[in-house]
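A.B. asks: got a sequence here, can you build the structure:
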Amino acid sequence: MKKILARLTTVVLVVLAFVLGWYAWEHYTRAPWTRDARVRADVVTLSADVSGRIVSLTVHDNQHVDKGQLLLEIDPARYRLAVEHAKRSVEVAKASLGQSEATIVSSQALLRQRESEERRRRTLKERAAISGEEWEKSSTDVAVAQAELLRNQANLGLAQANVQLAIAALTQAELDLQRTRVEAPVSGYVTNLLTRQGDYAAAGGALLALVDSDSFYVSGYFEETKLPRIEEGDRVRIELMSGETFGGTVQSIAFAIADRENLPGGRLLANINPSYTWVKLAQRVPVRIQIDADYVAKNRLRAGTTATVTVMEDHKSQDQP
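C.D. replies: As a prediction, this is how the structure comes out:
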């Protein structure tokens, strides 16, 4: 009896070990979950479009700002002067255009007068009332008047172009003046603020980083063996390392990752690694997860923190069979 009981116990333990081993294998290699996940957010790097001294810095580190809120201002003095100079240039160009238009009117009147004289003298020449030399002179006067009109028309076109250039320069100057005020393009959090009032801002130089507060999501890196059990629209449970738990939805799955074994070699040929690794690790593919909009502590999330993501297989997307 004892031998039978011992054998049964051994069989039960072997079966239990097999079941537990199978469950562990299934859970760790096939179940759609991962500890390798990060909270992510879009970060907007703000730069100056114009150069100058920062005369006003209205935010501090880790402050929340609203879209359109003034963050800092660059000294606008010389940009205001540039606007005034551009306005005067527009006035001068328009005055020159008016003068050219008046010259055109005068040239047209002179041409009509010369043409009238030429027609009258041609009639007199036909009647032999004047010499051919006098008629030729009037004809030459018409040609000179026509040439003068063409020259003035060319000057008019140049004056019109100068007006357009002056207006464009004024628009650019007004835009530069407007860009001395750096405003928040999105609502978010100022982070790692190193800029100080009095610093010199160079055009194109980074001034501060703004974390978009409406862009938080979770990026989970799932092993390729688990991807067949993940679909867009699947519900997931997200657990932060700090203990908070909340829900989300699979938004998309990346279509490609970098292949470090296939770098271009000589003559752009594939550079194949001749060695073979006996233990092949599953590649990890990024899966973008949308955080539930009703998560009350969403404003307390921090980009870069670690999370564990588990796909709820009993809450698969409804479009699956």
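
A.B. asks: buried sites along stretch 66-75?
C.D. replies: Within stretch 66-75, the residues that qualify as buried are 71-75, counting by 16 or more other C-beta atoms under 10 Å. C-beta: built from backbone N, CA, C; applies to glycine.

A.B. asks: so Val309 bridges to which residues?
C.D. replies: Val309 forms beta bridges with Thr34, Ile238, as assigned by DSSP bridges.

A.B. asks: Leu240 is in contact with that one, correct?
C.D. replies: No: the criterion here is C-beta atoms under 8 Å, and Val309 misses it with Leu240 at 10.5 Å.

A.B. asks: pLDDT averaged over stretch 83-101 - what is it?
C.D. replies: Per-region confidence: stretch 83-101 scores 89 on mean pLDDT.

A.B. asks: can you spell out the domain ranges of the protein, please?
C.D. replies: Domain assignment for the chain by the TED database gives 1-13+31-73+191-311, 76-178.

A.B. asks: name the helix or strand for Arg80, please.
C.D. replies: Assigned by DSSP states H and E, Arg80 belongs to helix 77-126.

A.B. asks: name the helices or strands packed onto the helix or strand that comes right after that helix?
C.D. replies: Counting by DSSP H and E, the next helix or strand C-terminal to helix 77-126 is helix 132-178. Counting contacts by 3 or more C-beta pairs under 8 Å, 6 or more residues apart in numbering; DSSP states H and E, helix 132-178 is packed against helix 77-126.

A.B. asks: now do the helix it packs on against helix 132-178, angle only.
C.D. replies: Angle, helix 77-126 to helix 132-178, by axes from the mean of the first three to the mean of the last three C-alpha atoms, to 10 degrees: 170 degrees.

A.B. asks: so how far is Met241 from Arg267?
C.D. replies: For Arg267, the distance to Met241 equals 48 Å [C-beta to C-beta, to the nearest Å].

A.B. asks: what of Thr308?
C.D. replies: 8 Å.

A.B. asks: which one of these two is surrounded by more residues?
C.D. replies: Thr308 (16 against 11; other C-beta atoms under 10 Å).

A.B. asks: cheers, nothing more for now.
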